[in-house]
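Novice: Provide a 3D model corresponding to the input given below.
(chains A and B)
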Amino acid sequence: MSITELDRAGGGTATGGTEPAVHAEGLVKAFGEHRAVDGIDLDVRAGEIFGVLGPNGAGKTTMLRMLATLLKIDAGRAEIFGVDVAGNPHVIRQLVGVTGQYASVDENLTARENLWLFGRLQGIASPRARRIATELLGQFGLEEAANKPISQFSGGMRRRLDLAASLITRPPLIFLDEPTTGLDPRTRGQMWDTIRGLVADGCTVLLTTQYLDEADQLADRIAVIDHGRKVAEGTPDELKTAVGDSTLQVLLAEPREVPAAVDVVRRLLGSDPVLSPEQGRLNVALDQADLAADVLIALRTAGISITSVNVAKPSLDEVFLALTGHEADGDDEDVKEVTR
Amino acid sequence: MSTMTVRGTVRAADRVSAARRRVSMGETLSQTMTMAWRALKKMVRNPEQFVDVALQPILFTAMFAFIFGGAIAGDVQSYLPLMIPGILAQTVLTTCMATGTQLREDMEKGVFDRFKSLPIARIAPLAGPMVADLLRYTIAATLTFGMGLAIGYRPGGGVLGVLGAILLSVVTGWSLAWVFTWVGTIARSAQAVQGISMMIMFPLTFLSNAFVPVESLPDWLAAFVRVNPVSHLVTAARDLANSTLVTSEVAWTMLACLVVIVIFAPLAVRSYKRHM
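Specialist: The predicted structure follows:
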């Protein structure tokens, strides 16, 4: 029953703190013809926040579900803290806390009952399970709602309870599937603080997100996933250098002046702007936002007139354009979701 | 975050070495009982789930007695000893049909994915609700006899015989529920579960001796009726309730239950594990 048996059973070495939290090679998940995850390698170091960035339908959730033993791994292999995922699902489930749209709480129970239930199921004696429930409710600011039905909870409260339910046994690795999708900015910021707190306590966090700024804010390293494949990996800074720090979006008054405008930008910055499908629109990646003025002055000097101008942080779309050369087009219905 | 720090820093290596390799029998039992607690809470908070459990025995007992009584047994009074155990079997079977439908509904919710991600026995989320359902079988069986008594049924077996019949039907209901639990894990939707379950339930109850004597049936049908486990339950319950007799029919019923569990419990757990 102990780890010594586990080692012999091929679980890998489980000693020392040098094991990566997650090590995956060539992960594949196919649903019929469609390869949702198509050969992904992943290395998450212990103690870091690792972000998986990608549009809807890119395979982020599927990958997470495979690592959490919720889906069978079709090909490739994965280890969590040196333990083989496919071979020792029961051990993996003791090491990983899962929070996502899919792994949530019971709507028939109150917040307190939920936390007690999940504690009891994991072998914690009833009084202690009750104590931990109270502790977590306090920590996540849910004391007042503790005995209310979940149906009365706001989106942010639900998300906090979901996360609290994953922390009962304080697992060393936590999966967060889009932890802030649909939350308002303030609740989002609170969730970010909570996630940082987990790492301060010694946990490792693997999170998926559709938002570049979220990955930028939280993650030590980021993998960008598209069509079930990893298209880039690096620190947020490395990724941003590839994309530019901010983007200048210019809408020309005359679409036929686009080639001339491209020429101007190329001469000024040494790189081509990205043409948007919208007629007469250019997206110019900038190393610093200050360069926006230079581009605009150059355009005016060249006699090209402009309808509208906007300087923004690069969006996920632009990350994808820069990294893959195509728009972030998951499945058709997902495109709307991403470009919204 | 202060409370977390009180509980100390998380060390992955310690967790890996403390991790248990598999679930013990004791843990499985305790997890099943925790799941049963959850199912009970759910029942209490959704009392509308009890409506069919309560109404069906009352309605069917009255209806069948007055519609078929004269035609089959000459009059209502002499039909009751034949019919009440039949209704008992039918009611219990309908109740265990609901097990599958509700499991399917439950499985579509996010909380079931959480259950799957926890280090618990795979059978616990299935077996827990079935333990809680024992309450529903008991209610349904008690109401059937209550209604029978109200319209003039005087069981010759007395209190002991009736209790024996109720106990037997509750046990049978629990065993047969594994069939519907299995259906619940393979069907695509709760509605599909309902449909498939009906197709299993109707032949089982009506192609039995629950409402008519076997002698009145053509030979080919009588052959099926005689081996139908529901017939054994009905006969055993009749002997118990009407004359406090523990006949070999009880043993046949228990054997049928055992066969059903041995086949369908592993099937249900396997398809549940594969499902998501």
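Novice: Please name the nearest non-neighbouring residue to the single nearest residue of the stretch 101-250 of chain B relative to chain A.
Specialist: Closest to chain A within the stretch 101-250 of chain B is B:Gly110: 3.3 Å, counting by CB to the nearest CB. C-beta: built from backbone N, CA, C; applies to glycine. Closest residue to B:Gly110 apart from its sequence neighbours, by CB to CB, 6 or more residues apart in numbering or on different chains: A:Ser104 at 3.3 Å.
Novice: got the contact list for B:Thr172?
Specialist: B:Ala89, B:Val92, B:Pro229, B:Leu233, B:Thr253, B:Ala256, B:Cys257 (CB atoms under 8 Å, 6 or more residues apart in numbering or on different chains).
Novice: wait, B:Ile58
Specialist: B:Ile58 touches B:Leu143, B:Met147, counting by CB under 8 Å, 6+ apart.
Novice: rewinding a little: the residue nearest to B:Gly110: what's it in contact with?
Specialist: Contacts of A:Ser104 (CB under 8 Å, 6+ apart): A:Arg158, A:Asp162, B:Lys109, B:Gly110, B:Val111, B:Asp113, B:Arg114.
Novice: Select, from those, the two members most distant in space.
Specialist: Within the contacts of A:Ser104, A:Arg158 and B:Asp113 form the most distant pair, 14.8 Å apart (CB to CB).
Novice: now the chain, which segments are flagged as low pLDDT?
Specialist: In the absence of a named chain, this looks at chain A. For chain A, applying pLDDT under 70 flags the ranges A:1-18, A:101-103, A:277, A:315-318, A:320-321, A:324-340.
Novice: think we crossed wires, I meant chain B
Specialist: Residues of chain B that meet the cut-off, pLDDT under 70, sit at B:1-8, B:275-276.
Novice: Helices of that one, start to end?
Specialist: Ranges of helices in chain B, per DSSP state H, are B:2-6, B:12-18, B:25-45, B:50-73, B:76-107, B:110-117, B:124-150, B:158-186, B:190-206, B:219-227, B:229-243, B:248-275.
Novice: how about the ones you listed, which one is nearest A:Asn147?
Specialist: Across those, closest to A:Asn147 is helix B:25-45 (CB to CB), at 13.0 Å.
Novice: Output the contacting helices and strands for that closest one.
Specialist: Packing partners of helix B:25-45 (3 or more CB pairs under 8 Å, 6 or more residues apart in numbering or on different chains; DSSP states H and E): helix A:111-121, helix B:124-150.
Novice: Out of these, which one sits most buried?
Specialist: Highest mean neighbour count among the helices and strands packed on helix B:25-45 (mean count of other CB atoms under 10 Å in any protein chain shown): helix A:111-121, with a mean of 24.
Novice: That helix: what's the following helix or strand?
Specialist: Scanning forward in sequence from helix A:111-121 by DSSP states H and E, the next helix or strand is helix A:126-139.
Novice: Do that following helix and chain B come into contact?
Specialist: Yes - interface with chain B: helix A:126-139 contributes A:Glu135, A:Leu136, A:Gly138, A:Gln139 (CB under 8 Å from any CB of the partner chain).
Novice: got those as JSON lines, with neighbour count columns?
Specialist: Shown next, in JSON lines, are the residues of helix A:126-139 next to chain B (neighbours: other CB atoms under 10 Å in any protein chain shown):
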{"residue": "A:Glu135", "neighbour count": "18"}
{"residue": "A:Leu136", "neighbour count": "23"}
{"residue": "A:Gly138", "neighbour count": "13"}
{"residue": "A:Gln139", "neighbour count": "18"}
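Novice: picking up where we left off before, would you reformat the helices and strands packed on helix B:25-45 as JSON lines and include distance to B:Ala62?
Specialist: Putting the helices and strands packed on helix B:25-45 into JSON lines (distance: least, CB to CB, whole Å) gives the following:
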{"stretch": "helix A:111-121", "distance to B:Ala62": "40"}
{"stretch": "helix B:124-150", "distance to B:Ala62": "7"}
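Novice: quick one, what contacts A:Gly155?
Specialist: A:Gly182, A:Leu183, A:Thr187.
Novice: Closest to B:Val179 out of those?
Specialist: When the contacts of A:Gly155 are compared against B:Val179 (criterion: CB to CB), the nearest one is A:Gly182, at 40.5 Å.
Novice: The most centrally placed residue in chain A in helix, strand or coil?
Specialist: Centroid-nearest residue in chain A, with CA atoms, centre = their mean: A:Thr208, separated by 2.0 Å. Of the three states, A:Thr208 takes strand according to DSSP: H, G, I helix; E, B strand; the rest coil.
Novice: got a list of what it touches?
Specialist: Here A:Thr208 is in contact with A:Gly51, A:Val52, A:Leu53, A:Gly54, A:Lys60, A:Thr61, A:Leu64, A:Leu176, A:Asp177, A:Glu178 (criterion: CB under 8 Å, 6+ apart).
Novice: Now the buried members of the residues you listed.
Specialist: A:Gly51, A:Val52, A:Leu53, A:Gly54, A:Lys60, A:Thr61, A:Leu64, A:Leu176, A:Asp177, A:Glu178 (16 or more other CB atoms under 10 Å in any protein chain shown).
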